[in-house]
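Undergrad: would you be able to build a 3D model of this:
(one chain, ligands or ions: 1)
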Amino acid sequence: MTNNVYPHLQKIIDESQRIVFFGGAGVSTESGIPDFRSQDGLYHKKYTYPPETILSHSFYVSHMDEFFRFYKENLIHPGVKPNSAHYALARLEAIGKLKAVITQNIDGLHQMAGSHTVYELHGSVHRNTCLSCKQVFPVETVLHAKEIPLCPCGNIIKPDVVLYEESLNQEVLSMATSAISTADTLIIGGTSLNVYPAASLIRYFKGSHLALINRDQTNVDEIANIVIRDPIGQVLGSLYIKK
Ligand code: ZN
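TA: Numbers count the residues shown, from 1 in each chain. Have a look, this model is predicted:
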């Protein structure tokens, strides 16, 4: 029996063997994580600088206290749970149809839902490394630090999150590129593809089906085989995922 809410997308999924999912902030909004880039004025009232400034490497170096205050209040979301989109993608991987999730999110929700091959382009709040002795700490260490999180060795613990002005992990980028270039179907969801390197990565796709699930218009709408504007949890959650 096939679910017919999104018959075109369902057909593509049924026929695909090497799906890659590329996602952004919109995938996590249904889990209650707001996109800090969507300017609602909230940050401007509470902070002296715009989020893009605070989350830059130079600001991190020069205003470390304020960086961590913002980071803890806005980038760490204790208690969040994966939504239907995360679980559907984990299920697609489990039955062998999905080869990789590439995400711009740093929340770790794909892994929490059960996905294994996840390329986190912008890092993760769940990995935090001492800059000196390289010991790795969980997110709680950063969250519960009074101000700047410090390692027992006395040095700073830095979240493995890619800040503005910092370069991406080349190994992650290379694996993501490779996954996209060998995919038969690429599903892009919850991203307007405006954040580097999203748009350039998409160019490596040579497969036959490009599906786009995003609330707003994107610059690949025209080349997509299918464009869906509904919430991504609703869309992926309604798919009938069988072997
Ligand atoms: Zn240390």
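Undergrad: secondary structure element for the residue nearest the centre of the chain?
TA: Here the mean C-alpha position of the chain is nearest to the C-alpha of N105 (CA atoms, centre = their mean), at a distance of 2.3 Å. Assigned by DSSP states H and E, N105 falls within no helix or strand.
Undergrad: check which helix or strand covers the closest residue to it other than its chain neighbours.
TA: In space, and not counting its chain neighbours, N105 is closest to S28: 5.3 Å by CB to CB, 6 or more residues apart in numbering. Quick note: C-beta positions are derived from backbone N, CA and C, even for glycine. According to DSSP H and E, S28 maps onto helix 26-29.
Undergrad: do a quick rundown of the helices in the chain.
TA: 7-15, 26-29, 42-46, 51-54, 57-62, 64-74, 84-94, 109-113, 139-144, 170-181, 198-202, 232-237 (DSSP state H).
Undergrad: which bits of this structure sit near the ion?
TA: C130, S132, C133, Q135, C151, C153, N155 (CB under 5 Å from the ion).
Undergrad: now for the last one: which residues touch it?
TA: This points to N155. C130, L131, S132, C133 (CB atoms under 8 Å, 6 or more residues apart in numbering).
Undergrad: now do the contacts for S84.
TA: S84 makes contact with E30, G233, Q234, L236, G237, according to CB under 8 Å, 6+ apart.
Undergrad: try 10 Å
TA: Contacts for S84 (CB atoms under 10 Å, 6 or more residues apart in numbering) come out as E30, S31, A113, P231, I232, G233, Q234, V235, L236, G237, S238, L239.
Undergrad: distance of it from the ion?
TA: For S84, the distance to the ion (CB to the ion, to the nearest Å) stands at 40 Å.
Undergrad: report the helix or strand with the lowest average pLDDT across the chain.
TA: helix 42-46 (a mean of 62; mean pLDDT, DSSP states H and E).
Undergrad: what about A25, distance to the ion?
TA: From A25 over to the ion (counting by CB to the ion), the distance is 32 Å.
Undergrad: what number of residues lie near the residue lying closest to that residue once chain neighbours are set aside?
TA: Closest residue to A25 in three dimensions, ignoring its sequence neighbours and counting by CB to CB, 6+ apart: D35, at 3.8 Å. As a burial measure, D35 scores 16 neighbours (other CB atoms under 10 Å).
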